[in-house]
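**Q** Can you look at this prediction? I've put the sequence above it.
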Amino acid sequence: MTAGAPVLVLCLGNSDRGDDGIGPAVAAKLDGRLPDGTALSVRSGDMLALIEDWEGFSALVCVDAAAPMERPGTIHRMDLGEQELPRDMAFVSSHAFGLPEAVALARTLGLAPPNIVVYAVEGASFEAGAPMTQAAAQAIAPLAEQVAAEAARLQELADHA
Amino acid sequence: MPTKTIKVDYLARVEGEGALDLHIEGGEVTAANLRIFEPPRFFEAFLQGRGYTELPDIVARICGICPVAYQMSAVQAAEDAFGVTVDGQLRALRRMLYCGEWIESHGLHVVMLHAPDFLGYPDAIRMAEKHGDAVRKGLALKKAGNSLMALLGGREIHPVNLRPGGFYRVPSKKELAPISDDLKRARDLAVELVHWVASFPFPDFEQDYEFVALRHPDEYPITGGRIVSSCDIDIAIAEFENEFEERHVPHSTALHAMVKRRGAYLVGPLARYALNYDRLPQSIRSLASESGLGPVCTNPFRSIVVRALEIAFACEEALRLIANYEQPDQPAIALEPREGTGFGCTEAPRGICWHRYDFEADGTIRTARIVPPTSQNQPRIEQDLAAVAAPLAAETDEIIRNRCEQSIRNYDPCISCSAHFLDLSVHRS
């Protein structure tokens, strides 16, 4: 991760817990496809450990798995400048602080980048040791495309700010 | 008088999943059951048949907050079974790594999980609106602890560098130097944290505990010593099963540990502090005095002050170890497996973490037994909850629920480790 880069792409999840591995899988696809200067970080939990590092970025793109709501594999895009993270969307975290809490705390402390976009993929299975379901796996390639384009858009925005 | 049951059906701000049922009959608290419903995780069973070298990687997965505690007790047990003592700078490095875990675990609990209870906030996010500076300090302390763990353990969560006999790789003196500045800053933050938490309002609640902790001839205990209690226990770690037993209870997937001759006991910061006050450096004893603590503290709500003191201690201790560090010639001592039984016991942030393994001649694990700190504290937590709730029996469920949740967090329970946290139900009749 490059501190001071304008955009941080943060992929969250645990590859050993079924569809929770969507974040790391998207990160693997993004390798070499992000604009120069965009930082890529993969985390398996413990959001508190890194929110202080958000301070240097002008934009944050998060990729995480969410509990099933409509159809497993569905990609949801949420621009937190336009909307809050929906209360009925359960992000998958085995820790006391997940993504919504981390964003809320970072904003309260003035550490959150001005632009935050969250991509959440509905998963179906989060069992320990389980493989990723086909529905979630099929979302990896299109999601990587969207995230790369989003990072490019946010970087251009930062460059012209 | 009516019977009333207060249920906290899902405990927040603890690690793992549990609940509390409180039964009140005729204004008297008749039962306080801490229900741990996190499913059993069978670690002891799937260690069977594994090689001793796999121990640290497997037991690290028991907990993401205190993996070093499980790793350290496990590697010590293997070394004990194979007749090897890891000493000198390798031992110092292990103590240093463990200091990192104390700093990150206590920092998280004191500021992010427990402090909101005392200041009347539902969580750290709301607390940060008025106490942003304190929350930033908590985050900085956690980061300092994580950095030390990452440097010595290879990564901050589930470290990969510890092995029976020592480490896979040891750092040079030069590699350790930069972290000293971080630790000096962390020590100053910890001192400020001690003063902050000491100013909190504490309920008047003194209890008569049997404290149980390790005690070492020279050191505040982290990685070794004898198991002692505030009553009459003073035993080698291999004798643990002579004095202590674990019992199944219907309402919990965690076992309940007892002193066979007496019953419930307490492990963790209050016990360590009371039994080892004389092993703390003068600087920390002075800090304790400034914060209103004597050599023994029997008010569990003040455990938050003792935890903050232990953060300051861990920073100082890590700095002392770094200052005296010389890179060892070898990262590990060679082990020759042999048939036998080994024991390990170290001070996890939450209290003693005891392990026993029986090994085959080639080092394959035949049987394993792991006694985590939260299962040891669980009977005592239930006794305290009944005592905390008794004078509040006529109050609203919300008042009882808030005080009980605060009380449970006095012990920083790690339910993921013990399930082997909290919904509260108050049953009144």
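**A** On my side now, so go ahead.

**Q** What residue, apart from its backbone neighbours, is nearest residue 123 spatially?
**A** Picking chain A for this. Computed as C-beta to C-beta, 6 or more residues apart in numbering or on different chains, the closest residue to A:G123 that is not its neighbour in sequence is A:D19, at 2.9 Å. The C-beta positions use only the backbone N, C-alpha and C, and glycine is treated the same way.

**Q** oops, I was thinking of chain B
**A** B:P116 (5.7 Å).

**Q** Which pLDDT value does the model give the residue of the stretch 1-150 of chain B found nearest chain A?
**A** Relative to chain A, the nearest point of the stretch 1-150 of chain B is B:A128 (4.3 Å; C-beta to the nearest C-beta). B:A128 carries a pLDDT value of 95.

**Q** for it, what are its contacts?
**A** By C-beta atoms under 8 Å, 6 or more residues apart in numbering or on different chains, B:A128 lies in contact with A:105, A:108-109, B:135.

**Q** Please enumerate the strands of chain A.
**A** A:7-12, A:39-43, A:59-66, A:75-79, A:115-122 (DSSP state E).

**Q** Tell me how many other residues crowd residue 131.
**A** Unless you meant another one, I'm taking chain A. 12 (other C-beta atoms under 10 Å in any protein chain shown).

**Q** To clarify, I was referring to chain B.
**A** If we define neighbours as other C-beta under 10 Å, then B:H131 has 19 of them.

**Q** Not counting sequence-adjacent ones, nearest residue to it?
**A** Nearest non-adjacent residue to B:H131 (C-beta to C-beta, 6+ apart): B:L119, at 7.0 Å.

**Q** residue contacts, the closest residue in space to B:F118 that isn't next to it in sequence?
**A** Spatial nearest neighbour of B:F118, excluding adjacent residues (C-beta to C-beta, 6+ apart): B:F200 at 3.9 Å. By C-beta under 8 Å, 6+ apart, the residues touching B:F200 are B:115, B:118-119, B:304.

**Q** Most widely separated two among these?
**A** B:L119 and B:I304 (11.3 Å; C-beta to C-beta).

**Q** Compare the two and say which one has the larger neighbour count.
**A** Of the pair B:L119 and B:I304, B:I304 is the one with more neighbours under other C-beta under 10 Å, namely 30 against 13.

**Q** Give the buried residues for the helix or strand the residue nearest to B:D123 falls within.
**A** For B:P116, the element it lies in under DSSP states H and E is helix B:115-119. For helix B:115-119, a neighbour-count test (16 or more other C-beta atoms under 10 Å in any protein chain shown) marks B:115-118 as buried.

**Q** okay, the residues you listed in JSON lines with pLDDT next?
**A** Below are these laid out as JSON lines (pLDDT from 0 to 100):
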{"residue": "B:A115", "pLDDT": "95"}
{"residue": "B:P116", "pLDDT": "92"}
{"residue": "B:D117", "pLDDT": "92"}
{"residue": "B:F118", "pLDDT": "96"}
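
**Q** Format the residues you listed as CSV; extra columns: distance to B:A60.
**A** As requested, the buried residues of helix B:115-119 are exported to CSV (distance: C-beta to C-beta, whole Å):
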residue, distance to B:A60
B:A115, 28
B:P116, 29
B:D117, 30
B:F118, 32
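
**Q** Just give me how far the helix holding B:P116 sits from the chain centre.
**A** 20 Å (C-alpha atoms, centre = their mean, to the nearest Å).

**Q** Can you tell me what sits against it?
**A** B:13, B:122-124, B:126-127, B:130-131, B:134, B:138, B:197, B:200-202, B:304, B:402, B:405-406, B:409.

**Q** Just the buried residues of the residues you listed.
**A** Here, 16+ other C-beta under 10 Å leaves B:13, B:123-124, B:126-127, B:131, B:134, B:138, B:197, B:304, B:402, B:405-406, B:409 buried among the contacts of helix B:115-119.

**Q** can you tell me which two in these are farthest apart?
**A** Most distant of these, by C-beta to C-beta, are B:G138 and B:N402, 21.4 Å apart.

**Q** where along the stretch 251-400 of chain B do the helices fall?
**A** Ranges of helices in the stretch 251-400 of chain B, per DSSP state H, counting those that start in this stretch, are B:269-276, B:282-290, B:303-323, B:373-389, B:397-409.

**Q** Now the second one: buried residues?
**A** Of the residues in helix B:282-290, those buried by neighbour count under the rule 16+ other C-beta under 10 Å are B:284-285, B:287-288.

**Q** Which two of these have the greatest separation?
**A** B:R285 and B:L287 (7.3 Å).

**Q** Now B:G165. Nearest residue, chain neighbours left out?
**A** B:A332 (4.0 Å).

**Q** The one you found touches B:F167, doesn't it?
**A** Yes - using C-beta atoms under 8 Å, B:A332 is in contact with B:F167, at 6.1 Å.

**Q** In terms of neighbours, single out the busier of those two.
**A** B:F167 (23 against 19).

**Q** do you know how far the closest residue to the more buried one other than its chain neighbours is from B:L152?
**A** Of all residues not flanking B:F167 in the chain, B:P331 sits nearest, at 4.7 Å (C-beta to C-beta, 6+ apart). Using C-beta to C-beta, to the nearest Å, B:P331 is found at 11 Å from B:L152.

**Q** So between the two, which is more surrounded?
**A** B:L152 (26 against 17).

**Q** which residues does the residue of chain A found nearest chain B contact?
**A** Nearest residue of chain A to chain B (C-beta to the nearest C-beta) works out as A:T108 at 4.3 Å. Applying C-beta under 8 Å, 6+ apart to A:T108 gives the contacts B:125, B:128-129, B:132.

**Q** do the same with B:Y209
**A** Per C-beta under 8 Å, 6+ apart, neighbours of B:Y209: B:230, B:265-266, B:270-271, B:298, B:380.

**Q** what about 7 Å?
**A** Residues in contact with B:Y209 (C-beta atoms under 7 Å, 6 or more residues apart in numbering or on different chains) are B:230, B:266, B:298.

**Q** go on, B:V160?
**A** So B:V160 contacts B:57, B:153-154 (C-beta under 7 Å, 6+ apart).

**Q** Below-threshold pLDDT in the chain: ranges please.
**A** By default, I'm working from chain A. A:1-5, A:45, A:86-97 (pLDDT under 70).

**Q** should've been chain B
**A** In chain B, residues with pLDDT under 70: B:1-17, B:36-41, B:415-424, B:426, B:429.
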